[in-house]
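A.B. asks: Sequence unavailable; structure follows:
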């Protein structure tokens, strides 16, 4: 089983670019760099975010293999080579896609499926970096669906941090290590 690094933080806090640099720095000669992209182009803002992430990867000196997996990570596990570096970006978007799709699934069912698929990826990868968002404060009156989403995301965060060798919170572009030893 590979190592897991969990990176969380606010929207546009620098999580993805930090995760990309971290994954590239941990790459050994011959390691494949796999980018599990969970974004779906649903509006102009998301279109711009997806484009930025693609351009960032293209501008890097690394050779990323991007696997689009907005839903059902388990369907793409066969495409992931053994002993590679995998970056999952991002858990929050993936959970949104799963919970609010046409065929709505309940939080516990979705949580279990996502968690198991992440463990399966860890079993193949030498390193898995998971990026997610913090969505647990400053939400005004929330609907039952939003509260269920928050509860599910929070539970996934706890489980993944428990499995991780390192947990990082990004704050205004600054990585703050909450668990583990910083990678030098």
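C.D. replies: The structure has been received and is ready for your questions. It should be emphasised that the depicted structure is a prediction, and the values quoted were computed from it without experimental measurement.
A.B. asks: in the chain, which ranges drop under the pLDDT threshold?
C.D. replies: When residues are selected by pLDDT under 70, those of the chain lie in 41-43, 46-47, 50, 52-54, 56-58, 102-105, 136-141, 184.
A.B. asks: which residue ranges form the strands in the chain?
C.D. replies: Assigned by DSSP state E, the chain shows strands spanning 3-9, 33-37, 64-68, 85-89, 127-131, 166-171, 174-179.
A.B. asks: Please convert those strands to JSON lines, extending it with mean neighbour count and distance to residue 143.
C.D. replies: Any C-beta I mention is one placed from the backbone N, CA and C, and that applies to glycine too. Shown next, in JSON lines, are the strands of the chain (neighbours: other CB atoms under 10 Å; distance: least, CB to CB, whole Å):
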{"stretch": "strand 3-9", "mean neighbour count": "24", "distance to residue 143": "23"}
{"stretch": "strand 33-37", "mean neighbour count": "23", "distance to residue 143": "28"}
{"stretch": "strand 64-68", "mean neighbour count": "16", "distance to residue 143": "29"}
{"stretch": "strand 85-89", "mean neighbour count": "26", "distance to residue 143": "26"}
{"stretch": "strand 127-131", "mean neighbour count": "26", "distance to residue 143": "26"}
{"stretch": "strand 166-171", "mean neighbour count": "20", "distance to residue 143": "27"}
{"stretch": "strand 174-179", "mean neighbour count": "14", "distance to residue 143": "30"}
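A.B. asks: Packing partners of the longest helix seen in the chain?
C.D. replies: Taking DSSP state H as the criterion, the chain has its longest helix at helix 144-163. Where contact means 3 or more CB pairs under 8 Å, 6 or more residues apart in numbering; DSSP states H and E, helix 144-163 is packed against strand 3-9, helix 91-99, helix 107-124.
A.B. asks: ok and that helix relative to helix 107-124, angle-wise?
C.D. replies: With axes from the mean of the first three to the mean of the last three CA atoms, to 10 degrees as the basis, helix 144-163 and helix 107-124 are set at 30 degrees to each other.
A.B. asks: So what touches helix 144-163?
C.D. replies: Outside helix 144-163, the residues that touch it by CB atoms under 8 Å, 6 or more residues apart in numbering are 4, 6, 8, 91-92, 95-96, 99-100, 106-108, 110-111, 114-115, 118-119, 122, 130, 132, 135-136, 139, 142, 167, 178-179.
A.B. asks: Give me the buried subset of the residues you listed.
C.D. replies: Buried members of the contacts of helix 144-163, counted by 16 or more other CB atoms under 10 Å: 4, 6, 8, 91-92, 95-96, 99, 107, 110-111, 114, 118, 122, 130, 132, 135, 167.
A.B. asks: Pairing partners for the nearest residue to residue 90 once chain neighbours are set aside in the sheet, please.
C.D. replies: The spatial neighbour of residue 90 that comes closest, neighbours along the chain excluded (CB to CB, 6 or more residues apart in numbering), is residue 131 at 4.4 Å. In this entry, residue 131 is beta-bridged to residue 7, residue 89, by DSSP bridges.
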